[in-house]
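# output the structure for:
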Amino acid sequence: MSFYRRVLTYFRPDLRPTVVCMGLTLVANAFNLLRPWPLKYIVDKILPAAGHTPHGLTLPGIDISTWSISAVVALVCGLMVVFHLLAGGIGYVINVLTIRVGLHGLMRLRTELYAYLHSLPLKFHDQRRSADSSFRVAYDSQSVQAYYSKGFFLFQSAISLVSTFAMMWYFDWSIALLSLIAIPLMMLAIFIYAKRIRDESTTVAERESDVLTAAQEGLSSVKMVQAFGREEHEVQEFSTSARESLDANLKLNATSMRSALLVGTIIAASSAAMCYVGALHVLSGKLTIGGIWYLSSLLLMLYQPLEALTHIAWAFQAAAAGTQRCFEILDKENDVADAPDAVPITSALGEIVFENVAFGYSSAREILHDVNLRISPGETVAFVGGTGAGKSTLLSLVPRFYDPTGGSVLLDGKDLRALKKKSLRDQISIVLQDTLLFSTTIRENIAYGRPDATEEEIIEAAKRAQAHEFIMATPDGYRSQVGERGGHLSVGQRQRIGIARAFLKNAPLLILDEPTSALDPTTESAIMQTIEELMRGRTTLIITHRIATVHRVNKIVVLAKGTIAEEGKGPELVQRGGVYASLYRSANLT
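Sure, this is the predicted structure:
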């Protein structure tokens, strides 16, 4: 699909109002052509008839033979207002409809882009700045609205050009032909500057994205910035991005102004030539004074859309840069998308099998290799190992945040890639080291995995997570706002909210990723009691560095250098004297 046809797909649902606007444009254009006529009539007909009785004036469809000159003047001047109101009123309706259609198209692109970003694998997001993705959704997407509004204005300008030229030809074909000289010169100006403006518009979008990234990263880390006394450094970094954005914008504006100056010069020279020829025609009697006045008005009506066409061309280039940045995301291959024959899974038993699993972000960077492991339904398995051993990556394969680059991961005997992704994730609850909360109420955060849950179910989940007491101590209870990223709550409170969320979802598979590593010993002990309640009856996968918390689980898997070094029960692994025994001793548990 071509770029421009692809843009039009976002406006196809609004075809009817677009057709209505096109029809109204024809009507409005007719009234615009009539707007200069009353003044021509006054100059050519009324002024020469002044002082004559009868005046001999006529108007199509109106008998004014007995009217006074002043009454005729009042009527003609009134027609000026009527033509203006009709053209302006229709133009107002057109503007309202085109703005609405443009905004609808913008909404569709934004929604599609945002949804697709959520569907892309974590590997994509790991390699990108979140601020850049946000910029494309919020700002680059606006370019598609510019395409519609400028595209419709292009249609309006084309209609105005053709009809105005036809009217000029009717009055004086030689002047009409002379007006065409400017067109190829203006097209040449567009050709000269088009690519430059598009490239510079792309640079502006990239620099603006850098500014947003610098601001977002600095402000989200303000506590650390102040703790290390790096305020001046962060301001300098932001100033550098802002300066680069300023330079890019100034360069684009300079190019646009040079192109506008060139186009304006072409129009001025062409207008001067036509005024010269028109004046000669008046002197020779080929044109009346009213006629040259009317032609001058038509000349303005001809060159206004011509000049607008050049600005539309520049706007198209700028819009192309932003829209293309959106399409770059939409064209990214989603390598964890559902297969065409994928089937849903309900009520999983919880058997997980890793068969010869390998994974790497690239062929040169392998993180996992030759991983073979079977986890029985209801079994609790802890994954331990040094930093960078591959623990989090391995467990990220279970909800298909990533797909293995080699081998397979099976759930109840079925390859995860053969299952519908949403139904698979419905079978899994995840409690992370840093519980992610949204800037909304406690209730909505607990119910995030089950938005249809009843109030009673939410309260019961909070009680099981030992969160109900502190929730009720807040000013608005379950309706209390948690603040940005849960900033109004302590670390332990946020963790309990995350556990309550998992209780409410009640999924057969549970993944715990360092659930207590950020807690003090007292809070950790209380949270672990809650987690043990949560694990009961579920297949549970735990990542931890704290050996003491998992020493008695069903199975411990020790990862080293991207593969399984050992597996077995804690006491057995200690007796073997291998990697786990070293970790056990280093934790001062012997």
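# can you pull the phi/psi pair for residue 185?
phi -70, psi -40 (degrees, to the nearest 10).
# find the nearest non-adjacent residue to it, please.
Taking CB to CB, 6 or more residues apart in numbering, and ignoring the residues beside it in sequence, residue 185 has residue 266 as its nearest neighbour in space, at 4.7 Å. No exception for glycine: its C-beta is placed from N, CA and C like everyone else's.
# what helix or strand does the most centrally placed residue in the chain sit in?
Central residue of the chain (CA atoms, centre = their mean): residue 137, 1.4 Å from the mean position. Here residue 137, judged by DSSP states H and E, is contained in helix 130-138.
# roughly how far apart are the residue nearest to residue 185 and residue 253?
20 Å (CB to CB, to the nearest Å).
# and what of residue 437?
Taken as CB to CB, the span from residue 437 to residue 253 is 43 Å.
# and the next helix or strand past the helix holding residue 137?
helix 143-171.
# now that next one, how far from the centre of its chain.
Here helix 143-171 is found 30 Å from its chain centre; the criterion is CA atoms, centre = their mean, to the nearest Å.
# what's the mean pLDDT across it?
Averaging pLDDT along helix 143-171 yields 83.
# ok, back up a step: could you tell me the angle between the helix or strand that contains the residue nearest to residue 185 and helix 143-171?
In this structure, residue 266 sits in helix 231-283 according to DSSP H and E. Comparing the axes of helix 231-283 and helix 143-171 via axes from the mean of the first three to the mean of the last three CA atoms, to 10 degrees yields an angle of 10 degrees.
# which is the next helix or strand following helix 231-283?
helix 289-330.
# what about that next one, distance to the chain center?
That offset, for helix 289-330, works out to 27 Å (CA atoms, centre = their mean).
# quick check: can you name the pairing partners of the helix or strand just after it and their directions?
Downstream of helix 289-330, the first helix or strand assigned by DSSP H and E is strand 352-362. Strand 352-362 has its sheet partners listed here by DSSP bridges as strand 365-375 (antiparallel), strand 406-411 (antiparallel).
# dump the residue contacts of residue 461.
446, 453, 500, 501, 503, 504 (CB atoms under 8 Å, 6 or more residues apart in numbering).
# the nearest residue to residue 416 once chain neighbours are set aside and residue 377, how far apart?
Distances taken as CB to CB, 6+ apart put residue 409 closest to residue 416, at 5.0 Å, once the chain neighbours are dropped. According to CB to CB, residue 409 and residue 377 sit 16 Å apart.
# repeat that for residue 514.
Distance from residue 514 to residue 377, by CB to CB: 24 Å.
# how about residue 415?
Residue 415 is 18 Å from residue 377, by CB to CB.
# mean pLDDT lowest for which of the strands paired with strand 352-362?
strand 365-375 (a mean of 90).
# what ranges do the strands span in the stretch 401-550 of the chain?
All strands of the stretch 401-550 of the chain, identified by DSSP state E, counting those that start in this stretch, fall at 406-411, 414-415, 428-431, 509-513, 539-543.
# minimum distance to residue 107: which of those has it?
strand 428-431 (31.4 Å; CB to CB).
# can I get the closest one in CSV, CA atoms only?
Extracted in CSV, the C-alpha atoms of strand 428-431 (Å, rounded to 0.1, in the frame of the first residue of the first chain):
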residue,chain,number,x,y,z
ILE,A,428,-0.6,-16.2,35.1
SER,A,429,-0.3,-13.8,38.1
ILE,A,430,3.0,-11.9,38.5
VAL,A,431,4.3,-10.2,41.7
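# now what about that strand, what contacts it?
398-399, 449, 495, 498-499, 501-502, 505-507, 509-513, 515, 531, 534.
# just the buried ones from these?
Buried by 16 or more other CB atoms under 10 Å: 398-399, 449, 495, 498-499, 501-502, 505, 507, 509-513, 515, 531, 534, out of the contacts of strand 428-431.
# what sits against residue 467?
Taking CB under 8 Å, 6+ apart, one finds 493, 496, 497, 499, 500 in contact with residue 467.
# tell me how far it lies from residue 562.
From residue 467 to residue 562 the distance is 37 Å (CB to CB).
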